[in-house]
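Colleague: Build me a model:
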Amino acid sequence: MAPVPATATVLTESAATAAQTTELAIKALPPGERATATVSASAPQTGASDATATAPAVSAAVTVSASATAPVAAAAISAAASPAQVMSQAQALAAQGNFAEARGLLQTLLEGADLTDAEAAVTQFEIAKFYLADKLYGEALPRLEALLTSPLLADQAATAAQLQEVAAPFQLASPEPLSTKVLFLHAEALSGLGRYQDAIDVYQTFLAQHPATAEIAQAQIAANYVALGNNSNAGDAYAEAAAAAPDTISKVRLWEDAAASFQNAERFDRATAAYEEILALAQNASYRADIEYRLGQTLAAAGNTDAAIEHWRAATAESPEHASAYLALIELINRDAPFDLYQRGYIDLQAEAWYPAIDAFEQYLASVSPADERAGLAMHGLAQAYLGAADYASALSMLERTLTQYPSCTCVGQTWLDKAAVQAASGDTVGARRTYRTFARLMPDDPLAPEAFWRSGVSALWDNNELEAVADLLALADTFPQSERAPDALYAIGLGAYRTQLWTQMRQMYGRLQEQYPDYKTLAVGYWLGRAYAETGDLEQATAQWRKIEQTAPDVYYGILAQEGLQQDPQHISARMDNLRVLTHRATTNPDDDGSLAFAEAWLATWVEPDGADSLAALPDSVAQDPDLALGRLLQDLSLRSDATRVMTRLYQRHRDEPRLLFPLMLEFERLQ
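Modeller: Prediction:
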């Protein structure tokens, strides 16, 4: 099909080169018909270089300007490159954020290649997408409007086969009609130009044609209502989007937006209902505390103080450690609502409101008997508040009283650690380490005893007392071998031995780690043990350690270091350990792996049970017809990658335990990048 010329003048991306436009034929329509589209330049608007179309009635061709970067892009195109290859290059540039050069590449393709109607339409669609990615809404709009009025897209049934032929080579993921995608991008361009009501109208047309997209489309409609200042309609749209969302995370996010919009519109009953929808779904205590607090704020704004107080109390009970609990507490105190003094002190302490915490704990201790079940906890909390306020003398006094008066308190272990922290903060690090060790030896059954040895060792390292640090860390590993800190201690000693070139001790520590804690930092321990063997002349053992890492994980940090060791004389590797830039490696140890999809399928076929499918890369019909797959692919074609990834993740979560599906699902996710 020969190019059909038409005339246009548009404003290019750069104002400095606005006059340097190029006439370009876009063969998106059936041959033999003629029409012209006149696009006159106007002053650029904020965030866009604008072009306004005058009567874009198009029946044969659409004319647009070439990007100022087109000559650069043209130079990069091989003369033998097919349209599909050029599209692939453009998509790769866009994936790197280089939308201008991607546009130039495709515009050069339109100018110089003999494209079919469908190929030209898809190319024009991609150019418009890349303009939108750079927020050049004025450049995108006339292209999209010309496409919308073209017979090719208007008569979708007649041209569906043409578009289907170019879908795969031109990297379209969704089989949805191109007119559907153009309609959505048209709304996006209108919104970007501040034509919010027009955008809403187009989004609603899109939604009427594709009700399955309500979660996405209604959210876009809502955002445009917000931009118009119409919070009431925005709340309704967000509520519709939330009702359509199939997963909890999306629902609560959209209900939050709905609640905020209703609140701004002073529709407090609807805002309350939105927050109640969230509470019916949410399970995380901290998040529930935040929603309870916000619901209290809404009820207070509506004049329902009693109900507000009830929800603020709920916020403090859900998660007293969360910031929303503290904010709720302030609301309660400001309204003179009765509140438990101990709980008040605890919430203030978690919020680092030291002096209010001191006041609350002191009032509580003055109001109860010393035998009160929370008296020890309150005294410890008071000491922690003094510590936070840097009143070390008062903190130390309260900590010692807690240990003396309440030796059975559940807080006793933390009290010992806090006492040492006070001493360290006062400059007495030697005394702090003595306190740590005393606690660990007097109360070895306390869950925090291993932590005491660890902190003592770290303190000694900060004081450059390596012998003392080793003694503490070895005591930790020997006395509490089941502690999570035990392997940390051995690893730290091993690194210290490496730094001081105590190779025998290094071998002992990492050998012990590998034997007693085989799942702890497996690659790192294996590598450093290999280093220790190499430095002591045991090359066979060093090679064995590194070979195992190379075979297990050749493409990660320690895999690279292991290969470095294997490629050199292990006795003299120290000088080149940091020279990773010269190291080459494969991400696989299989010599037949050429990185192709064919090899991956052949390899998978050796262990995946056959199911009659022609290709392991193909999704079974049950998944291929999944609504989330269709929606995810459509969102991908619209460059809504965040939404596409979220939707596709829902699909993955439903099938994550089906090994046969993981490979084709991986390929779907790869297309999102």
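
Colleague: Can you give the domain ranges for the protein?
Modeller: Listed domain ranges for the chain are 345-427, 604-670 (source: automatic domain parsing).

Colleague: Do I have it right that residue 412 meets residue 443?
Modeller: Yes: when contacts are counted by C-beta atoms under 8 Å, residue 412 is listed as touching residue 443 (7.5 Å). Every residue, glycine included, has its C-beta placed from N, CA and C.

Colleague: In which helix or strand does residue 399 reside?
Modeller: helix 392-405 (DSSP states H and E).

Colleague: Please, where are all the helices along the stretch 51-200 of the chain?
Modeller: Using DSSP state H, counting those that start in this stretch, the helices of the stretch 51-200 of the chain run over residues 70-76, 83-95, 99-112, 117-133, 137-148, 151-154, 156-167, 178-192, 196-209.

Colleague: The third one - contacts with which helices or strands?
Modeller: Contact here means 3 or more C-beta pairs under 8 Å, 6 or more residues apart in numbering; DSSP states H and E; on that basis helix 99-112 packs against strand 25-26, helix 70-76, helix 83-95, helix 117-133.

Colleague: hey, which helix or strand in the protein has the poorest pLDDT?
Modeller: strand 25-26 (a mean of 28; mean pLDDT, DSSP states H and E).

Colleague: returning to what we had before: which residues touch the helix holding residue 399?
Modeller: 370, 376, 379-380, 382-384, 386-387, 409, 411-412, 415-416, 418-419, 422-423, 425-426 (C-beta atoms under 8 Å, 6 or more residues apart in numbering).

Colleague: Drop anything exposed from those residues.
Modeller: For the contacts of helix 392-405, a burial check counting by 16 or more other C-beta atoms under 10 Å picks out 376, 379-380, 382-384, 386-387, 409, 411-412, 415-416, 418-419, 422-423.

Colleague: what residue ranges in the stretch 51-200 of the chain are flagged as low confidence?
Modeller: Along the stretch 51-200 of the chain, the parts satisfying pLDDT under 70 run over 51-80, 154-176.

Colleague: give me that answer again for 50
Modeller: 51-76 (pLDDT under 50).

Colleague: ok, now the chain?
Modeller: The low-confidence ranges in the chain, as defined by pLDDT under 50, are 1-76, 571, 575, 577, 580-582, 584-585.

Colleague: Now do the SS call for the residue of it positioned farthest from its centre.
Modeller: Centroid-distance maximum for the chain: residue 369 at 51.0 Å, with C-alpha atoms, centre = their mean. Three-state assignment for residue 369 (DSSP: H, G, I helix; E, B strand; the rest coil): coil.

Colleague: just checking, it touches residue 378?
Modeller: No: with contact defined as C-beta under 8 Å, residue 369 does not reach residue 378; the gap is 11.9 Å.

Colleague: any idea which element residue 303 lies in?
Modeller: Going by DSSP H and E, residue 303 is not in any helix or strand.

Colleague: again, but for the one 10 residues further on
Modeller: Secondary-structure assignment from DSSP H and E places residue 313 in helix 305-318.

Colleague: Packing partners of that helix?
Modeller: helix 285-301, helix 323-334.

Colleague: Can you check which of those gets nearest to residue 548?
Modeller: helix 285-301 (42.6 Å; C-beta to C-beta).

Colleague: can you list contacts of the closest one?
Modeller: 259, 263, 266, 268, 271-272, 275-276, 278-279, 282, 305, 307-312, 314-316, 318-319, 321-322, 324-325, 327-328, 331.

Colleague: Show me the strands in this protein, by range?
Modeller: Applying DSSP state E to the chain gives strands spanning 25-26, 38-41, 51-54, 62-63.

Colleague: give me the number of residues near residue 368?
Modeller: 15 (other C-beta atoms under 10 Å).

Colleague: Chain neighbours aside, what residue packs nearest to residue 424?
Modeller: The shortest distance from residue 424 to any non-neighbouring residue, by C-beta to C-beta, 6 or more residues apart in numbering, is to residue 432 (4.0 Å).

Colleague: returning to what we had before: out of the helices and strands packed on helix 305-318, deepest packed?
Modeller: helix 285-301 (a mean of 22; mean count of other C-beta atoms under 10 Å).

Colleague: between it and helix 323-334, how many degrees?
Modeller: 30 degrees (axes from the mean of the first three to the mean of the last three C-alpha atoms, to 10 degrees).

Colleague: and the angle for helix 285-301 with helix 305-318?
Modeller: Using the same axes, to 10 degrees: helix 285-301 against helix 305-318 is 170 degrees.

Colleague: Just the CA trace of helix 285-301, in PDB.
Modeller: Taking C-alpha atoms only, helix 285-301 is exported to PDB below (Å, rounded to 0.1, in the frame of the first residue of the first chain):
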ATOM      1  CA  ALA A 285      -4.100  -3.600  64.400                       C
ATOM      2  CA  SER A 286      -2.100  -0.500  63.500                       C
ATOM      3  CA  TYR A 287      -4.200   0.200  60.400                       C
ATOM      4  CA  ARG A 288      -7.400  -0.400  62.300                       C
ATOM      5  CA  ALA A 289      -6.200   2.100  64.900                       C
ATOM      6  CA  ASP A 290      -5.700   4.700  62.200                       C
ATOM      7  CA  ILE A 291      -9.100   4.100  60.700                       C
ATOM      8  CA  GLU A 292     -10.800   4.200  64.100                       C
ATOM      9  CA  TYR A 293      -9.100   7.600  64.800                       C
ATOM     10  CA  ARG A 294     -10.200   9.000  61.400                       C
ATOM     11  CA  LEU A 295     -13.700   7.700  61.900                       C
ATOM     12  CA  GLY A 296     -13.800   9.500  65.300                       C
ATOM     13  CA  GLN A 297     -12.700  12.700  63.500                       C
ATOM     14  CA  THR A 298     -15.500  12.300  61.000                       C
ATOM     15  CA  LEU A 299     -18.100  11.700  63.700                       C
ATOM     16  CA  ALA A 300     -16.800  14.700  65.700                       C
ATOM     17  CA  ALA A 301     -17.100  16.900  62.600                       C
END
